[in-house]
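[1] please find the sequence and the predicted model below.
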Amino acid sequence: MKKERRKFSASFKAKVAIEAIKEVSTVQDLASKYQIHPTQIAAWKREFLEKAELVFDKEAPATNEAENSKEQELYAKIGELQVQVDFLKKVLGK
């Protein structure tokens, strides 16, 4: 029987990574405290530090807005095409 993998929230990962960055306690202590392998804590810490610059990036929110705008356009087009398909099915079915 397979053991189901544990899933951690982003806030939990950030909390553990910040504690690891502070270096108040060792990685081994954090691993036993949170019942996580030390390698996993190191990976979260590395990922946190690599992506830390995105917090201060001014272009990131604009990118999300552009993606949302494009997504809305695509959904509108899908709706339009679906109406056309339904109309053609109705007309050709008669």
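    Right, received. Where do you want to start?

[2] domain assignment for this protein?
    Using automatic domain parsing, the domain ranges for the chain come out as 7-56, 58-94.

[3] tell me the most buried of those domains?
    The highest average neighbour count among these, using mean count of other CB atoms under 10 Å, belongs to domain 7-56 at a mean of 13. All C-beta atoms are positioned from the backbone trio N, CA, C, and that covers glycine.

[4] how long is that domain from one end to the other?
    By CA to CA, to the nearest Å, the extent of domain 7-56 from end to end equals 28 Å.

[5] helix, strand, or coil at E4?
    For E4, the secondary-structure state derived from DSSP: H, G, I helix; E, B strand; the rest coil is coil.

[6] could you say which helix or strand holds the closest residue to I18 other than its chain neighbours?
    Taking CB to CB, 6 or more residues apart in numbering, and ignoring the residues beside it in sequence, I18 has F48 as its nearest neighbour in space, at 7.4 Å. Following DSSP states H and E, one finds F48 within helix 38-50.

[7] that helix - what's its average pLDDT?
    Averaged across helix 38-50, pLDDT comes to 95.

[8] name the residues that touch it?
    With CB atoms under 8 Å, 6 or more residues apart in numbering as the test, helix 38-50 has contacts from K13, A14, V16, A17, I18, A20, I21, V27, Q28, L30, A31, Y34.

[9] element containing E73?
    Using DSSP H and E, E73 sits within helix 59-93.

[10] so for that helix, mean pLDDT?
    In the prediction, helix 59-93 has an average pLDDT of 85.

[11] off-centre distance for it?
    Put simply, helix 59-93 sits 24 Å off its chain's centre (CA atoms, centre = their mean, to the nearest Å).

[12] and for stretch 17-34?
    23 Å.

[13] which outside residues touch that stretch?
    Residues contacting stretch 17-34 (CB under 8 Å, 6+ apart): V16, I36, H37, P38, I41, A42, W44, K45, E47, F48, L49.

[14] pull stretch 67-85 out as CSV, backbone CA atoms only.
    Taking Å, rounded to 0.1, in the frame of the first residue of the first chain, the C-alpha atoms of stretch 67-85 are listed here in CSV:
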residue,chain,number,x,y,z
GLU,A,67,-2.3,37.4,-18.1
ASN,A,68,-5.7,38.0,-16.5
SER,A,69,-6.7,40.3,-19.4
LYS,A,70,-5.6,37.7,-22.0
GLU,A,71,-7.4,35.0,-20.1
GLN,A,72,-10.6,37.0,-20.1
GLU,A,73,-10.3,37.6,-23.9
LEU,A,74,-9.8,33.9,-24.5
TYR,A,75,-12.8,33.0,-22.3
ALA,A,76,-14.9,35.5,-24.3
LYS,A,77,-13.8,34.0,-27.6
ILE,A,78,-14.6,30.5,-26.3
GLY,A,79,-18.1,31.6,-25.3
GLU,A,80,-18.6,33.2,-28.7
LEU,A,81,-17.5,30.1,-30.6
GLN,A,82,-19.6,27.9,-28.4
VAL,A,83,-22.7,30.0,-29.3
GLN,A,84,-21.8,29.6,-33.0
VAL,A,85,-21.4,25.9,-32.6
